[in-house]
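Undergrad: Predicted model follows, preceded by the sequence.
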Amino acid sequence: MRVVLSTYGSRGDVEPLVGLAVRLREQGAEVRVCAPPDEEFAERLAGVGVEMVPVGLSARELTTAAAQPKSLPERAAELIASQLDAVTAAAEGCDALVATGMMPAVAGARSVAEKLGVPSVSVTFQQLTLPSPHHAPLAYPGRPFPPEVTDNSVLWDLDARSIDVLFGDAVNSNRASIGLPPVAGVRDYVIGDRPWLATDPVLDPWRPAGGAGFGFDVVQTGAWILPDERPLPDGLSEFLGAGAPPVYVGFGSMPMHGSDDVARVAIEAVRAQGRRVLVRRGWADLDLIDDQDDCFVVGEVNQQALFRRVAAVVHHGGAGTTTTAARAGGPQVVVPQATDQPYWAGRVADLGIGVAHDGPTPTFASLSAALRVALAPETRDGAAAVAAAIIDDGAAVAAKLVLCLK
């Protein structure tokens, strides 16, 4: 069986596909991954022996660019066109297609599957893009919902209209270019009748929706995480072994404007708790602020192994980092920047495994207060209890479901 996995987004959109690709190969499938042409994505997939087909522009360059002169609909049209070109070539003769990432990218990939007559499924790594009476949708930049509207059913209707305004022309003009009819609603086309939610049910419990307008069936597979066997770099291992467990600070694929100030605030706040500091560069290019030996900086690293050896994890609240820290039993301080990150911050706080920082810009006072809670013994006990309840086989579950799509 030949399977194409398609995404466009940050590391958090690519990493789960690494786990699924490996599990599919274990079942005898041939797998290709369509993803942005960033070097770190290519290296990660090459490291597990999975072929990557580059699609579109670099995700990092797009995310960290100082100015974005193009509108969201313009960028969506270009992204969908790149999907039609690259994914079509990759999917010729395949038996199933799994689509995830930004909504226009999923629309493009599913359109390719439709054109080729290939079964496909839409996957999300957080539930906030799935219509439900139990939560509100995420608002797109520049298109806030009316503050007086609080009924979730109404908000989801507004969400569908907003998505059609933003992406409808881009989706349907590209579909017309390959001989497909227009879709009446972009969001419902992207989601389909039976979308998959690739998150852990302890961290992200899905409640069946039901009721008018919420009639699709969500399949929650568990998070797609591949056990990472990579050793920690020698210098990092030496630093970890030279003293008490440090506090990790890293913001993943978030650019974090004013990163010099963020690094200074974080390092000084951690030091004020009497702790050593481990800084992850990430897309924010965080760095050390002096040459004291209580701090260490790392780049790409095995977070699964690392998070088991730190006192707490300060991060942006991406689904992958939140899940990895939770599986490791590490207390968390989530400083949410955008999109679904405030949701994950809230889940961390609700579960008692860490702190949701108020807003995207930490100060010495605010981060110090959060760290005092995260480093308390009761928080670590809560984190350990949740870690024991998390499901580890989400990618294996999904791989078996993919094989049934044929």
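TA: Perfect, thanks for sending it.

Undergrad: Output the below-cut-off pLDDT ranges for this protein.
TA: Residues of the chain that meet the criterion pLDDT under 70 lie in 64-70, 210-213, 215, 257-260.

Undergrad: Could you chop it up by domain?
TA: Per automatic domain parsing, the structural domains of the chain span 2-223+392-403, 234-389.

Undergrad: Let me have those domains in TSV, extended by mean neighbour count.
TA: (Glycine included, C-beta is placed from N, CA and C.) Listed next are those as TSV, based on neighbours: other CB atoms under 10 Å:
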stretch	mean neighbour count
domain 2-223+392-403	19
domain 234-389	19
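
Undergrad: Residue 80 touches residue 106, doesn't it?
TA: No: with contact defined as CB atoms under 8 Å, residue 80 does not count as touching residue 106 (9.8 Å).

Undergrad: name the element residue 114 belongs to?
TA: Here residue 114 sits within helix 103-116, counting by DSSP states H and E.

Undergrad: could you say what helices and strands that helix packs with?
TA: strand 2-6, helix 72-91, strand 96-99, strand 120-124, helix 152-177, helix 186-191 (3 or more CB pairs under 8 Å, 6 or more residues apart in numbering; DSSP states H and E).

Undergrad: Residue 111 is nearest to which of the ones you listed?
TA: Across these, residue 111 has its closest neighbour in helix 152-177 (5.3 Å, CB to CB).

Undergrad: Please state the offset of the closest one from the chain centre?
TA: Chain-centre distance of helix 152-177: 22 Å, with CA atoms, centre = their mean, to the nearest Å.

Undergrad: could you check the angle helix 72-91 makes with it?
TA: Interaxial angle, helix 152-177 versus helix 72-91 (axes from the mean of the first three to the mean of the last three CA atoms, to 10 degrees): 60 degrees.

Undergrad: Which strands or helices does helix 152-177 pack on?
TA: Counting by 3+ CB pairs under 8 Å, 6+ apart, the packing neighbours recorded for helix 152-177 are helix 72-91, helix 103-116, helix 186-191.

Undergrad: helix/strand/coil for the spatially closest residue to residue 339 that is not a sequence neighbour?
TA: Spatial nearest neighbour of residue 339, chain neighbours left out: residue 138 (6.1 Å); criterion: CB to CB, 6 or more residues apart in numbering. Residue 138 carries the three-state label coil when classified by DSSP: H, G, I helix; E, B strand; the rest coil.

Undergrad: so residue 138 touches residue 340, yeah?
TA: Yes: counting by CB under 8 Å, residue 340 is a contact partner of residue 138 at 6.7 Å.

Undergrad: ok, now which ones touch residue 184?
TA: Contacts for residue 184 (CB atoms under 8 Å, 6 or more residues apart in numbering) come out as none.

Undergrad: what about it, distance to residue 76?
TA: According to CB to CB, to the nearest Å, residue 184 stands 18 Å off from residue 76.

Undergrad: ok, now residue 362?
TA: Between residue 362 and residue 76 the computed distance is 32 Å (CB to CB).

Undergrad: got it, and residue 400?
TA: From residue 400 to residue 76 the distance is 33 Å (CB to CB).

Undergrad: next one: residue 276
TA: For residue 276, the distance to residue 76 (CB to CB) stands at 44 Å.

Undergrad: Dead centre of this protein: give me the residue that sits there.
TA: residue 12 (3.4 Å; CA atoms, centre = their mean).

Undergrad: what do residue 80 and residue 106 both touch?
TA: Counting by CB under 8 Å, 6+ apart, no residue touches both residue 80 and residue 106.

Undergrad: before we move on, back to that, for the residue nearest to the centre of the chain, list the residues it contacts.
TA: Counting by CB under 8 Å, 6+ apart, residue 12 makes contact with 125, 252, 253, 318, 319, 320, 321.

Undergrad: how much does the host helix or strand of it deviate in direction from strand 120-124?
TA: Assigned by DSSP H and E, residue 12 falls within helix 11-26. Here helix 11-26 runs at an angle of 140 degrees relative to strand 120-124 (the same axes, to 10 degrees).

Undergrad: by how many degrees do whichever helix or strand comes after helix 11-26 and strand 2-6 diverge?
TA: Proceeding N to C from helix 11-26, the next assigned helix or strand is strand 30-35, under DSSP H and E. Inter-element angle recorded for strand 30-35 and strand 2-6: 10 degrees (by the same axes, to 10 degrees).

Undergrad: packing partners for the very next helix or strand once past strand 30-35?
TA: Scanning forward in sequence from strand 30-35 by DSSP H and E, the next helix or strand is helix 39-47. With contacts taken as 3+ CB pairs under 8 Å, 6+ apart, helix 39-47 sits against helix 11-26, strand 30-35, strand 51-54.

Undergrad: 7 Å - rerun?
TA: Packing partners of helix 39-47 (3 or more CB pairs under 7 Å, 6 or more residues apart in numbering; DSSP states H and E): helix 11-26, strand 51-54.

Undergrad: so what's residue 378 closest to, chain neighbours aside?
TA: Excluding the flanking residues, the one nearest residue 378 by CB to CB, 6+ apart is residue 352, at 7.8 Å.

Undergrad: ok, back up a step: who wins for proximity to residue 326 among the helices and strands packed on helix 103-116?
TA: The nearest among the helices and strands packed on helix 103-116, by CB to CB, is strand 120-124 at 18.4 Å.

Undergrad: residues in contact with residue 318?
TA: Applying CB atoms under 7 Å, 6 or more residues apart in numbering to residue 318 gives the contacts 12, 252, 341.

Undergrad: ok so, going back, and for the helix holding residue 114, what's in contact with it?
TA: Identification of contacts with helix 103-116 by CB under 7 Å, 6+ apart yields 6-8, 76, 79-80, 83-84, 87-88, 91, 97, 99-100, 120, 122, 163, 167, 170-171, 174-175, 178, 180, 186, 189-190.

Undergrad: how close does residue 120 get to residue 114?
TA: As for residue 120, its distance to residue 114 is 8 Å (criterion: CB to CB).

Undergrad: right, I mislabeled it, should have said residue 182
TA: Counting by CB to CB - residue 182 and residue 114 are separated by 12 Å.
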